[in-house]
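Visitor: I'll drop the sequence and a predicted model, then ask my questions.
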Amino acid sequence: MAVSSDSMLQKIFAKSPTFDSNKRVFGKPVSISGGLISCNVRKRRSNGKIAVKAVAEAGVKCLKNYEVNLDLGFDVVAERELREKGFLGMRKTKLVCTIGPACSSMEDLERLAMGGMNVARLNMCHNTREWHRDVIRKIKKLNEEKGFSVSVMIDTEGSLIHVVDHGAPSSLKAEEGSVWVFTSEKFDGSRPFTVQANYEGFSEGIMMGDELVIDGGMARFEVVEKMGNDLRCKCTDPGLFLPRAKLSFWRDGKLSYHGLPTLSTKDWADVDFGISEGVDFIAMSFVNDADSIKDLKNHLSAKSSKSIRVLAKIETLESLQKLEEIVEASDGIMVARGDLGVEVPLEQIPTVQEYVTRLCRQLNKPVIIASQLLESMVEYPTPTRAEVADVSEAVRQYTDALMLSGESAIGLNGQKALFVLQMASSRMELWSREENQQCALHNRQLGDSLSDCIAEEICNCAVQMANNLGVDAIFVYTKHGEMASLLSRNRPYPPIFAFTSDSNARMTLNLQWGVIPLLVDLSDDMEANISKTVDLMRTKGVLKDGDTVLVVSDLTPTHASSTTFQSIQVKTIV
Ligand SMILES: Nc1ncnc2c1ncn2[C@@H]1O[C@H](COP(=O)(O)OP(=O)(O)OP(=O)(O)O)[C@@H](O)[C@H]1O
Ligand SMILES: CC(=O)C(=O)O
Ligand SMILES: [K+]
Ligand SMILES: [Mg+2]
């Protein structure tokens, strides 16, 4: 409802001792678009509201304690992109950056957020919880104060056998024929040809003649003697030990499993840390079956007030054998090509990637392609041609998200690498659209109940309509993000603006292809929601006369008087 700016100001500031008619108040000035009056932000709250010291505008409601509802939680990066490139130019593929020492300052994090980072990943393998806590808080502060919307993911260490110490500060060469002792005992200083493994039982069940493979083939050894828990091994294929190199044992061409649990005691403590810091995603390393995911999800629903999404990392042979049940049990998947390449022959990684990506889309789970995307950029300022081709191929396969690892965590060129992902994905998205290469996905039917089936059909048809009609944008009103996700699954040409009043849903939608989540107060009255959001987008100047929008809604009304249920409408803005 339009309210005159004067009466609104009086209403807001009647109780404010610091009201200053010159609007000179503390905090940074922001202009509430359409700008009758600009206001100064005191604090941007995670619920999408901002506390201000002066504000007035039609459509801006006064809330208690001078909290004003901005009514369109549009993150600054998406908004800028829309203004610069128009609806069709908006990037659809989401970007995840691993945060490490090279990018953990407030300034670096802000630059990554500006550069299009949608999700920040913290790998709990490295560094201390205090370090991670500090990064998480910085990201939340940036979101609150600068209008970003970066979600936070922690990635568990998981149980695997790796090198703790090989007596050298960095990598070390193993020569053919050299004999090494592998032990779990800690040793001081340098003991030549000795390698300490992280796990006491690492040699359990291992026999003479077994093959020990370092990092999936970086070097190979033959076990020549067992001495208690220690192994004496002879190098059969020379190569490098990197710090934390992974150890795997093979017999007759088959991998020996170590039987460690997917989540260790330390991982469970990291999970509780993630709950207390309010992270949005937990990526679970070395998942082998659906049960471990279910255990974690049960734990989260008992312990966490918000809904934290569990992403299963596909990085073991076992996980490939039980892929479908894992995808179904999870809230999303990461194709963790680094460790996957330790257990699966490298030439199979591309087909595995494509297969997993397609299955995730069929089962409507977001998928991230991770590891070595732009590895050379850890050192060099430009990527190799092959790396750009790899990134583009992942985009062509319609992955939801691409991930940087060392490129951002420890690399010299993190922001440039992010820029390369951004450019390469925008380019390939455009090409796919122009070539109309959108191969029709054989959509499996997901829903069991009638209403789920209806939602699914509506989304499939809505996307077909949106593409055929060439609409500028899709608007969806969604409670938990399900409808937005079903639209995304169909990879439409126009962007999907997902309006939700659930801040949790907003953050999790950050990982979904083509979805721009916006936080707004929605009511049961769907017509009112539509006209309100259209008005707000117009006021912001991002929606103009003549634009066409396809509107999909699935908000279940809470009282009988509400009429709109699940529907598709096409609106031309006039
Ligand atoms: N928080 C951190 N602190 C210090 N170094 C980090 C941190 N996060 C990542 N790194 C460094 O960046 C490199 C790449 O990070 P990333 O987490 O992708 O690799 P990784 O350890 O091989 O992954 P994973 O263990 O999940 O398979 C790591 O090897 C590590 O050296
Ligand atoms: C990301 C990760 O864990 C991997 O590639 O192994
Ligand atoms: K990890
Ligand atoms: Mg891994």
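Guide: Cool, the structure landed. Ligands and ions are numbered 1, 2, ... in the order given.
Visitor: low pLDDT regions in the stretch 351-500 of the chain?
Guide: Within the stretch 351-500 of the chain, the stretches with pLDDT under 70 are 436-442.
Visitor: no, scratch that, I was asking about the chain
Guide: For the chain (pLDDT under 70), the answer is 1-71, 436-442, 555-565.
Visitor: For ligand 2, give me its nearest residue in it.
Guide: residue 338 (2.7 Å; CB to the nearest ligand atom). Glycine gets a C-beta too; all of them are placed from N, C-alpha and C.
Visitor: which ones are touching that residue?
Guide: Residues in contact with residue 338 (CB atoms under 8 Å, 6 or more residues apart in numbering) are 315, 370-372, 405.
Visitor: Quick check: it is in a helix.
Guide: Yes: counting by DSSP: H, G, I helix; E, B strand; the rest coil, residue 338 is located in a helix.
Visitor: how near is it to ligand 3?
Guide: The gap separating residue 338 from ligand 3 is 9 Å, by CB to the ion, to the nearest Å.
Visitor: How many neighbouring residues does whatever residue of the chain ends up closest to ligand 4 have?
Guide: Per CB to the ion, residue 339 is where the chain lies closest to ligand 4, at 3.6 Å. Per other CB atoms under 10 Å, the neighbour tally for residue 339 reads 22.
Visitor: pretty sure it contacts residue 286?
Guide: Yes: counting by CB atoms under 8 Å, residue 339 touches residue 286, with 7.3 Å between them.
Visitor: Now for these two: what residues contact both?
Guide: Common neighbours of residue 339 and residue 286 (CB under 8 Å, 6+ apart) are 160, 313, 315-316.
Visitor: Can you tell me which of those lies closest to ligand 3?
Guide: The closest of those, once distances to ligand 3 are taken by CB to the ion, is residue 313, at 7.6 Å.
Visitor: Any idea what that closest one is bridged to?
Guide: With DSSP bridges applied, residue 313 shows beta-bridge pairing to residue 334.
Visitor: Am I right that it is in contact with residue 281?
Guide: No: counting by CB under 8 Å, residue 313 does not reach residue 281; the two are 11.4 Å apart.
Visitor: Over in the chain, which residue gets nearest ligand 1? Let me know.
Guide: residue 405 (2.8 Å).
Visitor: That residue: how many residues sit nearby?
Guide: Neighbours of residue 405 (other CB under 10 Å): 26.
Visitor: surely it meets residue 370?
Guide: Yes: shown here, residue 405 and residue 370 form a contact pair, counting by CB under 8 Å, at 6.7 Å.
Visitor: Can you read off the backbone torsions of the closest residue to the residue of the chain closest to ligand 4 other than its chain neighbours?
Guide: Nearest residue to residue 339, sequence neighbours excluded (CB to CB, 6 or more residues apart in numbering): residue 315, at 3.8 Å. When read as degrees, to the nearest 10, the backbone of residue 315 gives phi -150, psi 20.
Visitor: how near is residue 315 to residue 513?
Guide: 22 Å (CB to CB, to the nearest Å).
Visitor: just residue 281 next, same as before
Guide: From residue 281 to residue 513 the distance is 16 Å (CB to CB).
Visitor: Could you do residue 112 as well?
Guide: Counting by CB to CB - residue 112 and residue 513 are separated by 20 Å.
Visitor: In the stretch 51-200 of the chain, what residue spans correspond to strands?
Guide: Using DSSP state E, counting those that start in this stretch, the strands of the stretch 51-200 of the chain run over 61-62, 67-69, 94-98, 119-123, 151-155, 163-165, 172-174, 179-183, 194-197.
Visitor: Residue 267: neighbouring residues, count only.
Guide: Applying other CB under 10 Å, I find that residue 267 has 22 neighbouring residues.
Visitor: Nearest to residue 493 among the contacts of residue 338?
Guide: residue 370 (26.6 Å; CB to CB).
Visitor: which residues does the residue nearest to the closest one when sequence neighbours are not counted contact?
Guide: Nearest residue to residue 370, sequence neighbours excluded (CB to CB, 6+ apart): residue 403, at 4.0 Å. Residue 403 sits next to 95-98, 121, 334, 368-371, 373 when contact means CB under 8 Å, 6+ apart.
Visitor: Just the buried ones among those, please.
Guide: Among the contacts of residue 403, those scoring as buried are 95-98, 121, 334, 368-371, 373 (criterion: 16 or more other CB atoms under 10 Å).
Visitor: for ligand 4, what are the nearby residues on the stretch 251-400 of the chain?
Guide: 315, 336, 338-339 (CB under 5 Å from the ion).
Visitor: among these, which two are most distant?
Guide: Every pair of these checked by CB to CB; the farthest is 315 and 338, at 7.2 Å.
Visitor: related to what we said a few turns ago, report the entries of the buried ones among the contacts of residue 403 that also contact ligand 3.
Guide: Among these, none lies close to ligand 3 by the criterion of CB under 5 Å from the ion.
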